[in-house]
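Undergrad: Turn this into a structure:
(one chain, ligands or ions: 1)
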Amino acid sequence: MKEKIVIEGGNKLTGVLNISGAKNSAVGVIPAVVLSSGTCIIKNLPNIKDVIYLKDLLVSIGAKVEVENNSTMVVDSSTIDSYTVDYELAKQMRASYYFIGALLGRFKKAEVPFPGGCDIGVRPIDQHIKGFEALGATVTLEHGIIKAEAKELIGAPIYLDVVSVGATINIMLAAIRAKGITTIENAAKEPYIVDVANFLNAMGANIKGAGTDIIKIKGVEELKGCEHAIIPDFIEAGTYMVAAAATRGDVTLTNVIPTHLEAISAKMKEMGIEIHEYEDSIRIICDKNPRAVNIKTLPYPGFPTDVQQPMSVLLCTAEGTSIVTESIWEGRFKYVDELKRMGAKVKVEDRVAVVEGIGKLGGTSVYATDLRAGAAMVVAGLIAEGETIIGNIKHIDRGYEFLEDKLVSLGAKIKRVKVESD
Ligand code: EPZ
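TA: Now for the predicted structure:
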């Protein structure tokens, strides 16, 4: 049986909502436990499919894993005895590629099927491979399996040709136990990088500069167990900020780090939306039509590509015409065709979308073409007149914890139903 999300639109979101742990941190931290010879306790994990897949993946290579309260994972990595990752598990998500760096770091050998994940355009991993090779590994692709092997990993300077979250984390993982010093230049600066580096340092690694564009890693021989809590998810928070404003609501999000949300808050303020920032919470109040703005997605601290899709739905309700430029993923406007079926007036040419503010959308059956596209459809459903039925919600379940419960608690009419097919 498949499932769909059904939304009866037109309700303001109001109230207080707790934000979960960050998916894109969790998917880096969980594979990193492979490098430890002890027991790691990871707290504040979001209860999402990607975390469950990664847990299964750890078990499949020999780790002992216990999950407590759906949010804490206790992993004993000392029993890991395989450097080969199962195809069925790897294809479920992008982050399975972190097992290349982690297994290479531990066994000097890794065999990981080419990763799956959201279809948002070509997703090369040449920068990851460039990094592994600089450390002394030989990397080949055979029948869809990435095979990496090294006699010895030796620290090296690595300059990334593109700013890549995945390559930065993967190279850190491979370099932690390499001999000597590795520097990653033009590194990504996303909060996930800092979170993974903090986790690795808590295990005994020596990483400096995470969060800047030069990261220095001094190889260590052994990593112990440790305890770590995942940072709040600024993409989940951004999605609810946008949903609150789109419904002309008044929502306070707790368990957030407001500085991580600065690019989103700044744009929303520019639109005339009230944003109040506190130490670890943020309040969004929108009681009138916002102004149109132009947005260009960029690596952190720029406007995050992962909030571009829901944000474009908010722009459909703004006064005037907005221009949205997607500079990270060329396939991230696929949801626009679905949005148009709800009445949106959006023209896409290459990586630019021109979004006309039209006020209302109309509910209909739509499809979640990827994770954040699914979130965009949810925001569209919340403001649409009538009923919106969203199919292919497996993508949404990969990244949003308790989505319907959270929205219901804010006053939305949203439910999940079983259906025969998407
Ligand atoms: C991570 O993807 C996130 N995924 C993505 O979130 C997010 O959109 C992206 O970072 C950017 O913030 C995970 O953390 C699992 P990149 P990643 O390597 O690491 C190019 C979501 O919705 N590139 O930073 O795969 C690439 O084509 C997901 O939560 C190369 O050219 O992204 C892209 O244009 C979707 N060669 C740009 O760099 C490489 O070797 C940034 O990609 C690697 C990347």
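
Undergrad: which residues in the stretch 301-422 of the chain form helices?
TA: Listed in chain order, the helices of the stretch 301-422 of the chain (DSSP state H, counting those that start in this stretch) span residues 305-315, 335-341, 371-383, 394-397, 403-409.

Undergrad: cool, the stretch 101-250 of the chain as well?
TA: Along the stretch 101-250 of the chain, counting by DSSP H, counting those that start in this stretch, helices occupy 126-134, 165-175, 191-202, 234-246.

Undergrad: Columns mean pLDDT and mean neighbour count on top of those helices, output as JSON lines?
TA: All C-beta spots, glycine's among them, are computed from the backbone N, C-alpha and C. Below are the helices of the stretch 101-250 of the chain laid out as JSON lines (pLDDT from 0 to 100; neighbours: other CB atoms under 10 Å):
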{"stretch": "helix 126-134", "mean pLDDT": "97", "mean neighbour count": "21"}
{"stretch": "helix 165-175", "mean pLDDT": "98", "mean neighbour count": "28"}
{"stretch": "helix 191-202", "mean pLDDT": "98", "mean neighbour count": "23"}
{"stretch": "helix 234-246", "mean pLDDT": "98", "mean neighbour count": "27"}
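
Undergrad: Can you redo those as JSON lines, where the extra columns are distance to the ligand?
TA: As requested, these are arranged in JSON lines below (distance: least, CB to the nearest ligand atom, whole Å):
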{"stretch": "helix 126-134", "distance to the ligand": "3"}
{"stretch": "helix 165-175", "distance to the ligand": "3"}
{"stretch": "helix 191-202", "distance to the ligand": "6"}
{"stretch": "helix 234-246", "distance to the ligand": "6"}
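
Undergrad: Distance of Ala188 relative to the ligand?
TA: Distance of Ala188 to the ligand, computed by CB to the nearest ligand atom, to the nearest Å: 6 Å.

Undergrad: I meant to write Ala102 there.
TA: Distance check for Ala102 against the ligand: by CB to the nearest ligand atom, it reads 14 Å.

Undergrad: and the nearest residue to that residue once chain neighbours are set aside, how many neighbours?
TA: Of all residues not flanking Ala102 in the chain, Val34 sits nearest, at 3.9 Å (CB to CB, 6 or more residues apart in numbering). By other CB atoms under 10 Å, 28 other residues sit near Val34.

Undergrad: isn't Val34 right next to Phe99, touching?
TA: Yes - with contacts defined as CB atoms under 8 Å, Val34 counts as touching Phe99 at a distance of 6.9 Å.

Undergrad: which neighbours do those two share?
TA: Shared contacts of Val34 and Phe99 (CB atoms under 8 Å, 6 or more residues apart in numbering): Ile61.

Undergrad: one step back: reformat the helices of the stretch 101-250 of the chain into JSON lines and put distance to Ala150 next to each item.
TA: Formatted as JSON lines, the helices of the stretch 101-250 of the chain follow (distance: least, CB to CB, whole Å):
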{"stretch": "helix 126-134", "distance to Ala150": "8"}
{"stretch": "helix 165-175", "distance to Ala150": "9"}
{"stretch": "helix 191-202", "distance to Ala150": "19"}
{"stretch": "helix 234-246", "distance to Ala150": "34"}
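
Undergrad: Of all the ones you listed, which one is nearest Leu298?
TA: Ranking the helices of the stretch 101-250 of the chain by proximity to Leu298 (CB to CB) places helix 165-175 first, at 12.7 Å.

Undergrad: Taking helix 126-134 as reference, get the angle to that closest one.
TA: Taking axes from the mean of the first three to the mean of the last three CA atoms, to 10 degrees, one finds that helix 165-175 is oriented at 20 degrees with respect to helix 126-134.

Undergrad: Could you export helix 165-175 as PDB, CA atoms only?
TA: Once non-C-alpha atoms are left out, helix 165-175 reads as follows in PDB (Å, rounded to 0.1, in the frame of the first residue of the first chain):
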ATOM      1  CA  VAL A 165      29.200  19.700   1.300                       C
ATOM      2  CA  GLY A 166      29.500  16.000   0.400                       C
ATOM      3  CA  ALA A 167      33.100  16.200  -0.800                       C
ATOM      4  CA  THR A 168      34.200  18.300   2.300                       C
ATOM      5  CA  ILE A 169      32.700  15.800   4.700                       C
ATOM      6  CA  ASN A 170      33.900  12.700   2.800                       C
ATOM      7  CA  ILE A 171      37.500  14.000   2.600                       C
ATOM      8  CA  MET A 172      37.500  14.800   6.300                       C
ATOM      9  CA  LEU A 173      36.300  11.200   7.000                       C
ATOM     10  CA  ALA A 174      39.100   9.700   4.900                       C
ATOM     11  CA  ALA A 175      41.800  12.000   6.200                       C
END
